[in-house]
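Peer 1: Fold the following and give me the result.
(chains A and B)
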Amino acid sequence: MLTMTHTALHKIKVHSMEAYPEECCGILLGSENKGSKEVLDVLRIDNAKGENRTRRFLITPADYRRAEAEAEAERLEVIGFYHSHPDHPAMPSQFDLDHAWPSCSYVIASVEERVPCVVRSWVLKDDRSAFEEEPLESLREDSYRRIKTASTRAIRR
Amino acid sequence: MSTKVMIPTPLRAYTEKKDVVLLEGNTVGDLLNQLTNTYAPLRRHLFDDQGLLRSFVNVYVNDEDIRYLQKEQTRVTDQDTVSIIPSIAGGKENEQ
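Peer 2: Numbering: from 1, shown residues only, chains lettered A, B, ... in the order given. Okay, the predicted model is just below:
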């Protein structure tokens, strides 16, 4: 299960729309507990791909390193990545599969004629044979804050 | 002689959540072999079926990408820090 606020989901959709017809990409920062992940921040990354940007994206090692440092400073973790599929379903391609990292959530937003449509999340199977879909839930900020406050209290105890 | 190897978040599930592992060896290849011998499931994520480092796996010695050094034969000392750093690539299927 991957949860994120409406705001985080909105940021991904807006980025997908603005990048259209090219693919956008970014990094999900948050926390993971017993297989359940929550996105607490979304980092926009410039698509570093020099060509074929309508069907390819690239996040460089330098961008990844910067995101991991930023996450650590906020006591968060890099828990996954997002990218858009312009005029294409929100399902991982063979190219996505061939380049996937384990343990991470791969959020894919489909955009049709500049309108963001479906957003789904996927995780690589341990044997690298395929992606499995993970449930994605977005929560209103107030209910999210309530959950966060409760979990922060639980951690402090 | 132990060299510090930094593990990125996506791989920590395979290293008992450790972000740093101390390994012994004279070259980057020695360290990666020891790493994947210790944590066997890591191998398939770092290396392809031909035993080559996957294209999206970047290994740095201090701040230098080993592709611009001597690749896996790059020599290391206990003063060096080796980092495994992801690049993230993907995208929809080929356009028709």
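
Peer 1: what pLDDT does residue A:138 get?
Peer 2: pLDDT recorded at residue A:138 is 90.

Peer 1: That one touches residue A:5, doesn't it?
Peer 2: Yes: with contact defined as Cβ atoms under 8 Å, residue A:138 and residue A:5 form a contacting pair (6.6 Å). (Glycine included, C-beta is placed from N, CA and C.)

Peer 1: quick one, helices of chain B?
Peer 2: In chain B, the helices defined using DSSP state H lie at B:28-38, B:43-46.

Peer 1: Mean neighbour count, those helices: which tops it?
Peer 2: Per-stretch averages of neighbours, counted by mean count of other Cβ atoms under 10 Å in any protein chain shown, single out helix B:28-38 among these, with a mean of 19.

Peer 1: who does that one touch, helix- and strand-wise?
Peer 2: In terms of contacts (3 or more Cβ pairs under 8 Å, 6 or more residues apart in numbering or on different chains; DSSP states H and E), helix B:28-38 is packed against strand B:2-6, strand B:20-24, helix B:43-46, strand B:57-61.

Peer 1: For residue B:90, list the residues it contacts.
Peer 2: A:25, A:56-57, A:83, A:92-93, A:95-96, A:99-100, A:106 (Cβ atoms under 8 Å, 6 or more residues apart in numbering or on different chains).

Peer 1: Show me what from chain A comes close to chain B.
Peer 2: Listed as neighbours of chain B in chain A under the rule Cβ under 8 Å from any Cβ of the partner chain: A:23, A:25, A:27, A:49, A:52, A:54-61, A:64-65, A:68, A:71, A:77-79, A:81, A:83, A:85-86, A:88, A:92-96, A:99-104, A:106, A:126-128.

Peer 1: Look up the residues forming beta bridges with the residue nearest the centre of chain B.
Peer 2: With distances taken as Cα atoms, centre = their mean, residue B:84 lies nearest the centre of chain B, 4.2 Å away. As for beta bridges, residue B:84 partners with residue B:59 under DSSP bridges.

Peer 1: Quick check, pLDDT for it.
Peer 2: Note on residue B:84: pLDDT of 98.

Peer 1: So for stretch B:56-66, what gets flagged as buried?
Peer 2: Using 16 or more other Cβ atoms under 10 Å in any protein chain shown as the test for burial, stretch B:56-66 gives B:56-61, B:66.

Peer 1: still on that earlier bit, list only buried entries from the residues of chain A next to chain B.
Peer 2: With burial judged by 16+ other Cβ under 10 Å, the buried subset of these is A:23, A:25, A:27, A:49, A:54-61, A:64-65, A:68, A:71, A:77-79, A:81, A:83, A:85-86, A:88, A:92-93, A:95-96, A:99-104, A:106.

Peer 1: In helices, which of those residues appear?
Peer 2: A:61, A:64-65, A:68, A:71, A:95-96.

Peer 1: still on that earlier bit, next up, the contacts around the residue nearest to the centre of chain B.
Peer 2: Residues in contact with residue B:84 (Cβ under 8 Å, 6+ apart) are B:5-8, B:11, B:46, B:57-59.

Peer 1: Residue A:13 in helix, strand or coil?
Peer 2: Following DSSP: H, G, I helix; E, B strand; the rest coil, residue A:13 is assigned to helix.

Peer 1: Brilliant, that's me finished.
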